[in-house]
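Chemist: next comes the sequence, and after it the predicted model I'd like to discuss.
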Amino acid sequence: MGQIQVPKKIKVEDFPSDQQGLISKLGYIYNDFSEQIYYLLQKGIDFTNLNREIVTVTVQLDSSGKLTNPPQLKYNLLNKPQGITCVSASNLTNPQIYPTSAPFVSWANNNNGLVTILNVSGLQVNSKYSLSLELIG
């Protein structure tokens, strides 16, 4: 795929004088917008441009590995979450004990802008964790 070229600007002086008023108004809108899109496509897309968000939640597991406090998360996505990925897990009970595998989050989507965490696999039992979760819209 080729690179997108720098957009040409609409210049008032390129048009007859009787059209310059209208062209000035159109150029004002178009030039700014096309420049923003161009720079966005030049590796300007970052996390804040995506329909995703990072939330931090604390969970505690009992001796059987079940959550003792299934948390609910309020999200600010444009639509209901399609997935949740755990991007980091810190053991608050004992920082020297690590997850046994990459944490996988099972969750339910409530219809009131909330997600309920049902289970997190890969975490050590009898431990409290701080999880950074990426909610994907």
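Modeler: Received, thanks.
Chemist: need phi/psi at the one residue sitting closest to the centre of the chain.
Modeler: When Cα atoms, centre = their mean is applied to the chain, the residue found nearest the centroid is R52 (1.7 Å). Dihedral pair for R52: phi -140, psi 160, per degrees, to the nearest 10.
Chemist: can you give the domain ranges for this protein?
Modeler: With domains defined by automatic domain parsing, the chain comprises 1-45, 49-136.
Chemist: a markdown table for these, including mean pLDDT?
Modeler: Shown next, in a markdown table, are the domains of the chain (pLDDT from 0 to 100):
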| stretch | mean pLDDT |
| --- | --- |
| domain 1-45 | 89 |
| domain 49-136 | 94 |
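Chemist: stretch 4-18: how far from the chain's middle?
Modeler: Counting by Cα atoms, centre = their mean, to the nearest Å, stretch 4-18 is centred 36 Å from the centre of its parent chain.
Chemist: ignore the last one, stretch 125-135
Modeler: Offset of stretch 125-135 from its chain centre (Cα atoms, centre = their mean): 18 Å.
Chemist: tell me the buried residues in it?
Modeler: 127-129, 131, 133-135 (16 or more other Cβ atoms under 10 Å). Every C-beta, even on glycine, is put in place using the N, C-alpha and C of the backbone.
Chemist: just the strands in this protein please.
Modeler: Along the chain, the segments classed as strands by DSSP state E run 52-60, 72-74, 83-91, 104-109, 114-121, 128-136.
Chemist: adding distance to D46, write the ones you listed out as a markdown table.
Modeler: Converted to a markdown table, the strands of the chain look like this (distance: least, Cβ to Cβ, whole Å):
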| stretch | distance to D46 |
| --- | --- |
| strand 52-60 | 11 |
| strand 72-74 | 22 |
| strand 83-91 | 15 |
| strand 104-109 | 24 |
| strand 114-121 | 24 |
| strand 128-136 | 14 |
